[in-house]
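J.: Predicted model and sequence follow; I will ask about them next.
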Amino acid sequence: MRSRLLPLVLCLLPLVGSLAACKKEPTIPGTEIPDTEVNRDILAVIERYRTAFVRRDAAGVLATAHPSYYDTAGTDDPGDDLEYTELGVVLRERMAELESVRFTIDYLEIDVMKDRATVRAWIDASFRLQPIADTSGVVEVDGSHTRKQDHALFELVRDGRAWRITRGL
(Lines give C-alpha, C1' and ligand atoms only; values in the text may rest on other atoms or scores of the structure.)
Protein backbone atom coordinates (compact mmCIF):
# COMPACT_ATOMS: atom_id res chain seq x y z
CA MET A 1 0.00 0.00 0.00
CA ARG A 2 2.79 2.38 0.94
CA SER A 3 4.55 1.73 -2.31
CA ARG A 4 1.45 2.86 -4.27
CA LEU A 5 0.99 6.06 -2.21
CA LEU A 6 4.52 7.30 -2.70
CA PRO A 7 4.15 7.95 -6.47
CA LEU A 8 0.80 9.66 -5.84
CA VAL A 9 2.30 11.91 -3.14
CA LEU A 10 5.24 12.74 -5.38
CA CYS A 11 2.86 13.71 -8.20
CA LEU A 12 0.80 15.93 -5.90
CA LEU A 13 3.74 17.82 -4.34
CA PRO A 14 4.22 20.22 -7.30
CA LEU A 15 0.49 20.95 -7.27
CA VAL A 16 0.55 21.78 -3.55
CA GLY A 17 3.58 24.02 -4.10
CA SER A 18 1.93 25.88 -6.95
CA LEU A 19 -1.26 26.36 -4.94
CA ALA A 20 0.76 27.88 -2.11
CA ALA A 21 2.48 30.19 -4.60
CA CYS A 22 -0.92 31.35 -5.87
CA LYS A 23 -1.95 32.50 -2.41
CA LYS A 24 -2.99 36.07 -2.89
CA GLU A 25 -1.43 38.76 -0.73
CA PRO A 26 -3.81 41.19 1.00
CA THR A 27 -4.95 44.14 -1.10
CA ILE A 28 -6.12 47.63 -0.21
CA PRO A 29 -9.92 47.40 0.02
CA GLY A 30 -11.66 48.27 -3.24
CA THR A 31 -8.48 47.75 -5.28
CA GLU A 32 -6.16 45.03 -6.52
CA ILE A 33 -3.18 46.97 -5.11
CA PRO A 34 -1.03 45.14 -2.54
CA ASP A 35 -1.70 46.39 0.98
CA THR A 36 1.65 47.84 2.01
CA GLU A 37 2.50 50.87 4.11
CA VAL A 38 4.10 52.62 1.11
CA ASN A 39 1.07 52.00 -1.13
CA ARG A 40 -1.30 53.23 1.59
CA ASP A 41 0.81 56.40 2.06
CA ILE A 42 0.78 57.09 -1.68
CA LEU A 43 -2.97 56.59 -2.02
CA ALA A 44 -3.58 58.77 1.04
CA VAL A 45 -1.90 61.69 -0.76
CA ILE A 46 -4.05 61.25 -3.85
CA GLU A 47 -7.16 60.92 -1.69
CA ARG A 48 -6.24 64.20 0.07
CA TYR A 49 -5.96 65.78 -3.39
CA ARG A 50 -9.34 64.34 -4.46
CA THR A 51 -11.21 65.41 -1.33
CA ALA A 52 -9.66 68.89 -1.40
CA PHE A 53 -10.76 69.19 -5.04
CA VAL A 54 -14.32 68.16 -4.17
CA ARG A 55 -14.33 70.81 -1.40
CA ARG A 56 -12.95 73.29 -3.97
CA ASP A 57 -10.05 73.91 -1.59
CA ALA A 58 -7.21 75.21 -3.77
CA ALA A 59 -4.79 75.42 -0.83
CA GLY A 60 -5.56 71.80 0.08
CA VAL A 61 -4.86 70.64 -3.48
CA LEU A 62 -1.66 72.70 -3.61
CA ALA A 63 -0.50 71.06 -0.35
CA THR A 64 -0.39 67.68 -2.13
CA ALA A 65 1.93 68.98 -4.88
CA HIS A 66 5.72 68.98 -4.77
CA PRO A 67 7.66 72.17 -5.63
CA SER A 68 9.04 70.32 -8.68
CA TYR A 69 5.48 69.91 -10.05
CA TYR A 70 5.40 70.22 -13.83
CA ASP A 71 2.68 69.04 -16.17
CA THR A 72 2.49 69.24 -19.96
CA ALA A 73 -1.29 68.64 -19.99
CA GLY A 74 -0.58 65.75 -22.34
CA THR A 75 0.23 67.99 -25.30
CA ASP A 76 3.30 69.21 -27.18
CA ASP A 77 2.13 72.82 -26.82
CA PRO A 78 4.28 74.55 -24.18
CA GLY A 79 1.52 77.16 -23.80
CA ASP A 80 -0.57 74.81 -21.65
CA ASP A 81 2.32 73.53 -19.50
CA LEU A 82 1.88 74.15 -15.79
CA GLU A 83 4.63 74.65 -13.21
CA TYR A 84 4.32 74.65 -9.43
CA THR A 85 4.87 78.43 -9.27
CA GLU A 86 1.68 78.94 -11.31
CA LEU A 87 -0.32 76.10 -9.78
CA GLY A 88 -1.80 77.99 -6.82
CA VAL A 89 -3.15 80.83 -8.98
CA VAL A 90 -4.56 78.44 -11.59
CA LEU A 91 -6.24 76.30 -8.92
CA ARG A 92 -7.85 79.33 -7.23
CA GLU A 93 -9.15 80.65 -10.56
CA ARG A 94 -10.52 77.33 -11.78
CA MET A 95 -12.08 76.39 -8.46
CA ALA A 96 -13.79 79.77 -8.20
CA GLU A 97 -15.62 78.88 -11.43
CA LEU A 98 -16.98 75.61 -10.04
CA GLU A 99 -20.49 75.41 -8.68
CA SER A 100 -20.39 71.70 -7.85
CA VAL A 101 -18.02 68.75 -8.19
CA ARG A 102 -18.39 64.98 -8.14
CA PHE A 103 -15.05 63.16 -8.36
CA THR A 104 -14.16 59.49 -7.90
CA ILE A 105 -10.89 57.69 -8.51
CA ASP A 106 -10.50 53.94 -9.02
CA TYR A 107 -6.90 52.97 -8.31
CA LEU A 108 -5.56 50.41 -10.78
CA GLU A 109 -1.83 50.09 -10.19
CA ILE A 110 1.08 51.54 -8.22
CA ASP A 111 4.72 51.26 -9.26
CA VAL A 112 7.39 52.37 -6.79
CA MET A 113 11.07 52.79 -7.64
CA LYS A 114 13.03 54.06 -4.63
CA ASP A 115 11.73 57.63 -4.00
CA ARG A 116 9.51 57.83 -7.11
CA ALA A 117 6.07 56.35 -7.74
CA THR A 118 3.42 56.28 -10.43
CA VAL A 119 -0.25 55.57 -9.87
CA ARG A 120 -2.47 54.48 -12.74
CA ALA A 121 -6.11 55.27 -12.08
CA TRP A 122 -9.54 55.67 -13.64
CA ILE A 123 -11.08 59.10 -13.12
CA ASP A 124 -14.84 59.67 -13.16
CA ALA A 125 -15.70 63.28 -12.49
CA SER A 126 -18.38 65.80 -13.29
CA PHE A 127 -18.28 69.54 -12.79
CA ARG A 128 -20.92 72.25 -12.98
CA LEU A 129 -19.51 75.68 -13.77
CA GLN A 130 -21.11 78.80 -12.35
CA PRO A 131 -23.05 81.01 -14.77
CA ILE A 132 -21.16 84.06 -16.06
CA ALA A 133 -22.90 87.40 -15.60
CA ASP A 134 -22.01 90.84 -16.87
CA THR A 135 -21.38 93.76 -14.52
CA SER A 136 -25.11 94.49 -14.26
CA GLY A 137 -25.88 90.90 -13.22
CA VAL A 138 -27.38 89.73 -16.51
CA VAL A 139 -26.37 86.13 -17.18
CA GLU A 140 -24.33 85.96 -20.37
CA VAL A 141 -23.40 82.29 -20.18
CA ASP A 142 -25.47 79.66 -18.39
CA GLY A 143 -23.63 77.33 -16.06
CA SER A 144 -22.37 74.33 -17.95
CA HIS A 145 -21.93 70.72 -16.94
CA THR A 146 -18.83 68.74 -17.91
CA ARG A 147 -18.08 65.08 -17.35
CA LYS A 148 -14.65 63.51 -17.57
CA GLN A 149 -14.03 59.77 -17.63
CA ASP A 150 -10.49 58.79 -18.48
CA HIS A 151 -7.36 57.01 -17.38
CA ALA A 152 -4.98 59.15 -15.36
CA LEU A 153 -1.36 58.82 -14.37
CA PHE A 154 -0.13 60.47 -11.18
CA GLU A 155 3.59 60.81 -10.58
CA LEU A 156 4.89 61.29 -7.06
CA VAL A 157 8.18 61.80 -5.30
CA ARG A 158 9.04 61.06 -1.69
CA ASP A 159 10.19 64.26 -0.02
CA GLY A 160 11.65 63.16 3.30
CA ARG A 161 8.95 60.88 4.70
CA ALA A 162 6.05 62.42 2.75
CA TRP A 163 4.91 61.68 -0.79
CA ARG A 164 3.97 64.63 -3.04
CA ILE A 165 2.50 64.78 -6.53
CA THR A 166 4.86 65.97 -9.30
CA ARG A 167 2.49 65.45 -12.26
CA GLY A 168 -1.13 64.58 -12.89
CA LEU A 169 -3.32 67.07 -10.98
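T.: Nice, thanks for sending it over.
J.: Sketch out the low-pLDDT regions of the protein for me.
T.: 1-23, 131-143 (pLDDT under 70).
J.: For stretch 40-55, buried residues please.
T.: For stretch 40-55, the neighbour count (16 or more other Cβ atoms under 10 Å) marks Ile42, Leu43, Val45, Ile46, Arg48, Tyr49, Arg50, Ala52, Phe53, Val54 as buried. In this view, the C-beta of every residue, glycine as well, is placed from N, C-alpha and C.
J.: host element of the first one?
T.: What it means is Ile42. Counting by DSSP states H and E, the element that carries Ile42 is helix 37-54.
J.: That helix: what's the following helix or strand?
T.: Heading C-terminal from helix 37-54 (DSSP H and E), you reach helix 58-62.
J.: So which residues make contact with the helix holding Ile42?
T.: 28, 33, 59-61, 63-64, 95, 101-105, 107, 110, 112, 117, 119, 121, 154, 156, 162-165, 169 (Cβ atoms under 8 Å, 6 or more residues apart in numbering).
J.: So what sits opposite the closest residue to Phe103 other than its chain neighbours in the bridge?
T.: Spatial nearest neighbour of Phe103, excluding adjacent residues (Cβ to Cβ, 6 or more residues apart in numbering): Ala125 at 4.3 Å. Assessed by DSSP bridges, Ala125 has beta-bridge partners Phe103, Lys148.
J.: for Ala125, what are its contacts?
T.: So Ala125 contacts Val101, Arg102, Phe103, Thr104, Arg147, Lys148, Gln149 (Cβ under 8 Å, 6+ apart).
J.: now Tyr70
T.: Asp81, Leu82, Glu83, Tyr84, Thr166, Arg167.
J.: Thr104: neighbour count?
T.: By other Cβ atoms under 10 Å, 13 other residues sit near Thr104.
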